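Novice: sequence unknown, structure follows:
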């Protein structure tokens, strides 16, 4: 059965405009209204639409004076800061393309992206990012200039390609009248079909691919969320997820103009929690890992609370769950829920910075139903959103529908851009979609062809179900669905998402294939939560390795697994597990920069433990190569116990 999304009815459509053209229109309409806010040295600075447009025009002209022109590629390597938004908009204004990189990339990972995208300019936030470039500059002859924002530590650098961003702005302001006219002409030449951004996939199974996203694609994706969730004009938004992820290109950059939004920037990553509370955003998109961290923080504080406070918290959460159901009784909804709000729940939302949040979204991968329900109990109307880099955001919980087991319904599209989303499940169990899509993979026609054609339905590669009402139920990546030796199927990602609902578990990789008789798991414990747990019980440990192998910590992990196992078919239950003696690390290629598992690399590195699990051993000596930040490597050898829960199959 094919399901078709309803047509979009919000009048804030793209109307054939590019992002810079829309920016100019918004600046004329809202010249003196807030556009962006950033926190510096503890003080919030506000930029009006007129302020932002002036800086973007000056930056655009300054980039042109450096020889940057239409069709060139500008790379951005920074945290979410206001200058990176200005520079991206400026580059788009003169017809260039932008590629954003995760700020924690290693120099070699950065080299691949800069080389593959043929970047001509690089915007580096500070000395740390400039140093990464300098380590690989000899391999990048096509990169002509490196702009930097924070000059601290760079005063003595003698490299002619380094240019201060403040100097770019100054150069662009020398002839304001003629320069603005020139930028206006460049903006007018833009087309919705021009490529605006190149976003690299996470590369979980190989080399990252560069997905080319057009202005049309970004604005349609922004419209889908705006129309479905009725995002109000000038709503506050905190830019936190990296612009290297396509979702922030849709949300911060495109929706920031289309709605428009007031984009807020935290002072630095370490202050995001405090700044989130000060901003009180109405609209927010986090990854499941970030929502898990917020929930873990609440649960960690409850570990330190006294018995009465813990009991009050548990009572308030149970009342919040019961009192917000559609069929809630008068007692729960009108008597107990207001009391729980007064005593506990509103204070939790305030401490999390979510008191004003009306559209909190979780996207990127699945969020466990248990955490979904926990946030709803807090009074945070969390909603799942599902999509892909290549096809944009496709479905979400909207129209007051909050089934935690689903990813919601297909989203409405911009009627000035293209047809409504159509989706169905093919004979392989794969979601196929007709919709506005990306412009292909950069320098990879073969991979682009594998995605298919719109008229036949693009191949998402995701195994899903669509129920009778059109609700999308995500199962796993088609290639990741597993079967055991006996033919029983099990969904690894669903199990992993459910296990991460435990505050004691930070990461988990489920094991099992056609050569295995049962399902097992490798567990990465949360050092903060487990550390507090151990300290309160007087358990001695000095390192993460010692903490992860404590019998009491492993017992807590076992209880979390038992809880999830009760909701699984007998054949899909985890029978054995081991807690990893080191944290999984993106710098060691165990995780992607968006914290997705690199399953093959993890399986190879921890092969000793996996073999011990499936050969019935009680423990094993794990030999693990560890790489330090300074490049040194060492071989870590430690004894890892294997915990077995075989009784759960009975």
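Specialist: Now that the structure is in, tell me what you want to look at. Computed from a prediction, not measured in an experiment: that's the story for all the values here. Residues are numbered from 1 along each chain as shown.
Novice: state the mean pLDDT of stretch 124-143.
Specialist: Average pLDDT, stretch 124-143: 95.
Novice: need the strands for the stretch 201-350 of the chain, in chain order.
Specialist: Per DSSP state E, counting those that start in this stretch, the stretch 201-350 of the chain carries strands over the ranges 210-214, 235-238, 261-265, 283-286.
Novice: can you redo the ones you listed as TSV with distance to residue 580, mean neighbour count and mean pLDDT?
Specialist: Backbone N, C-alpha and C define where each C-beta goes, glycine included. Listed next are the strands of the stretch 201-350 of the chain as TSV, based on distance: least, C-beta to C-beta, whole Å; neighbours: other C-beta atoms under 10 Å; pLDDT from 0 to 100:
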stretch	distance to residue 580	mean neighbour count	mean pLDDT
strand 210-214	32	22	97
strand 235-238	32	22	96
strand 261-265	35	25	97
strand 283-286	25	24	92
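Novice: will you turn these into JSON lines that also has distance to residue 432?
Specialist: Putting the strands of the stretch 201-350 of the chain into JSON lines (distance: least, C-beta to C-beta, whole Å) gives the following:
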{"stretch": "strand 210-214", "distance to residue 432": "19"}
{"stretch": "strand 235-238", "distance to residue 432": "32"}
{"stretch": "strand 261-265", "distance to residue 432": "32"}
{"stretch": "strand 283-286", "distance to residue 432": "26"}
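Novice: relative to residue 81, which of these is closest?
Specialist: Each of the strands of the stretch 201-350 of the chain has some distance to residue 81 by C-beta to C-beta; the shortest is strand 261-265, at 5.8 Å.
Novice: show me the contacts for residue 76.
Specialist: Taking C-beta atoms under 8 Å, 6 or more residues apart in numbering as the definition of contact, the neighbours of residue 76 are 84, 87, 88, 98, 99, 100, 101, 122, 123, 243.
Novice: the second one in helix, strand or coil?
Specialist: Looking back up the chat, that one is residue 87. Going by DSSP: H, G, I helix; E, B strand; the rest coil, the secondary structure assigned to residue 87 is helix.
Novice: residue 64 - how many residues pack around it?
Specialist: Using other C-beta atoms under 10 Å, residue 64 has 21 neighbouring residues.
Novice: would you agree it is in contact with residue 95?
Specialist: No. Under the criterion of C-beta atoms under 8 Å, residue 64 lies out of contact with residue 95, with a separation of 10.4 Å.
Novice: what is the burial count for residue 36?
Specialist: Residue neighbour count, defined by other C-beta under 10 Å, stands at 22 for residue 36.
Novice: do I have it right that residue 147 meets residue 122?
Specialist: Yes. With contacts defined as C-beta under 8 Å, residue 147 counts as touching residue 122 at a distance of 7.1 Å.
Novice: shared neighbours, these two?
Specialist: Overlap between the neighbourhoods of residue 147 and residue 122 is empty, taking contacts as C-beta under 8 Å, 6+ apart.
Novice: before we move on, back to that, out of the strands of the stretch 201-350 of the chain, nearest to residue 116?
Specialist: For the strands of the stretch 201-350 of the chain, distance to residue 116 was read as C-beta to C-beta. The smallest value, 6.2 Å, belongs to strand 210-214.
Novice: which residues does the closest one contact?
Specialist: Applying C-beta under 8 Å, 6+ apart, the set of residues contacting strand 210-214 is 97, 99, 113, 116-117, 192-201, 246, 249, 389-390, 438-444.
Novice: just the buried ones out of these, please.
Specialist: When neighbours are counted using 16 or more other C-beta atoms under 10 Å, the contacts of strand 210-214 contain these buried positions: 97, 99, 113, 116-117, 192, 194-201, 246, 249, 389-390, 438-442.
Novice: filter those down to the ones in strands?
Specialist: Restricting the buried ones among the contacts of strand 210-214 to those inside strands, with DSSP state E as the criterion, leaves 97, 99, 195, 196, 197, 198, 199, 200.
Novice: what residues are bridge-paired with the fifth one?
Specialist: Okay, so that is residue 197. Following DSSP bridges, residue 197 is listed with bridge partners residue 98, residue 213.
Novice: for residue 366, give me the pLDDT.
Specialist: What the model reports as pLDDT for residue 366 is 74.
Novice: any idea which of the strands of the stretch 201-350 of the chain gets closest to residue 458?
Specialist: Ranking the strands of the stretch 201-350 of the chain by distance to residue 458, with C-beta to C-beta as the measure, places strand 210-214 first at 12.6 Å.
Novice: neighbours of the closest residue to residue 512 other than its chain neighbours, how many?
Specialist: Taking C-beta to C-beta, 6 or more residues apart in numbering, and ignoring the residues beside it in sequence, residue 512 has residue 519 as its nearest neighbour in space, at 4.3 Å. Using other C-beta under 10 Å as the criterion, residue 519 is surrounded by 25 other residues.
Novice: how about residue 519, phi and psi?
Specialist: Dihedral pair for residue 519: phi -90, psi 140, per degrees, to the nearest 10.
Novice: stretch 93-105: which residues count as buried?
Specialist: Buried-residue list, stretch 93-105, by 16+ other C-beta under 10 Å: 93, 94, 95, 96, 97, 98, 99, 100, 101, 102, 103, 105.
Novice: roughly how far out does that stretch sit from the chain middle?
Specialist: Computed by C-alpha atoms, centre = their mean, to the nearest Å, the chain-centroid distance of stretch 93-105 equals 17 Å.
Novice: can you check stretch 439-453 too?
Specialist: The chain centroid and the centroid of stretch 439-453 are separated by 23 Å under C-alpha atoms, centre = their mean.
Novice: how far does it stretch from start to finish?
Specialist: One end of stretch 439-453 sits 12 Å from the other (C-alpha to C-alpha, to the nearest Å).
Novice: same check, this time on stretch 561-573
Specialist: Criterion C-alpha to C-alpha; first-to-last residue distance in stretch 561-573 is 9 Å.
Novice: flag every buried residue along whichever strand or helix holds residue 474.
Specialist: Secondary-structure assignment from DSSP states H and E places residue 474 in strand 472-477. The neighbour-count criterion (16+ other C-beta under 10 Å) identifies 472, 474, 475, 476, 477 as the buried residues of strand 472-477.
Novice: can I get these in CSV including pLDDT and distance to residue 430?
Specialist: As requested, the buried residues of strand 472-477 are exported to CSV (pLDDT from 0 to 100; distance: C-beta to C-beta, whole Å):
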residue, pLDDT, distance to residue 430
472, 93, 13
474, 88, 12
475, 83, 10
476, 84, 11
477, 85, 10
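Novice: show me where the stretch 451-600 of the chain has strands.
Specialist: Assigned by DSSP E, counting those that start in this stretch, the strands in the stretch 451-600 of the chain fall at 458-466, 472-477, 482-483, 489-490, 505-511, 519-525, 574-579.
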